[in-house]
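In: Structural data only, the sequence is not supplied:
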């Protein structure tokens, strides 16, 4: 385990050192040749459109016909699961294992939380029996709930606020390219030097 930890820490330190070296080189390039960095940025800039990515989620999936066609099977399954939970709570329930792992000072609070969870399971299981019975006998009684639940939620409205471009950093870098490059190079270089100076201490502590 110590060897694996040492290898992992060394790999992470090496990756961090490479990133800091790249940042230092970028800062120097920005300070010396800001026009070349601007041309590189213009080539790498890409706009990512999320419409295609979420198009599969932005379609209605209607399961009403399946539910009404097989409502007997669906109701039996719901009743069976709820009945099993009720049987477990009545005859097979014991104090949860995580309660035993709680310290003595907080044991009473843990027991209260466990009893609250048990009570909520009782309520949920009994509601499941009632719901399963309604689905089994008369699924049309759930029409009102179904109409309320079948609301179309389109993501375009809330994605519109995220689908805007903000360029405050780019604007500042474009106005002060050399100062930005010097600041980035100094900061990244100082962190890289500090990392190299403490490399042995960090890897030794992980060994």
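Out: Looks like it came in fine. Remember, it's a predicted structure, so these values are computed and weren't measured experimentally.

In: alpha carbons only for contacts and neighbour counts from here, please
Out: Will do.

In: Next, the buried residues of stretch 130-147.
Out: 130-136, 139 (16 or more other C-alpha atoms under 10 Å).

In: And for stretch 105-121?
Out: Going by neighbour count (16+ other C-alpha under 10 Å), the buried part of stretch 105-121 is 110-111, 114, 121.

In: Next, format these as CSV and append distance to residue 82.
Out: Compiled in CSV, the buried residues of stretch 105-121 are given as follows (distance: C-alpha to C-alpha, whole Å):
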residue, distance to residue 82
110, 25
111, 24
114, 19
121, 10
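
In: got these as CSV, with distance to residue 186, pLDDT and secondary structure columns?
Out: As requested, the buried residues of stretch 105-121 are exported to CSV (distance: C-alpha to C-alpha, whole Å; pLDDT from 0 to 100; DSSP: H, G, I helix; E, B strand; the rest coil):
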residue, distance to residue 186, pLDDT, secondary structure
110, 52, 75, helix
111, 56, 76, helix
114, 55, 78, helix
121, 59, 90, helix
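
In: tell me the SS of the closest residue to residue 82 other than its chain neighbours?
Out: Spatially, and ignoring its direct neighbours in sequence, residue 82 is nearest to residue 125 (4.7 Å; C-alpha to C-alpha, 6 or more residues apart in numbering). Here residue 125 is helix, with the state taken from DSSP: H, G, I helix; E, B strand; the rest coil.

In: how many neighbours does residue 125 have?
Out: 22 (other C-alpha atoms under 10 Å).

In: Now do it, the pLDDT please.
Out: Predicted confidence (pLDDT) at residue 125: the value is 92.

In: can you check residue 100 too?
Out: On the pLDDT scale, residue 100 gets 64.
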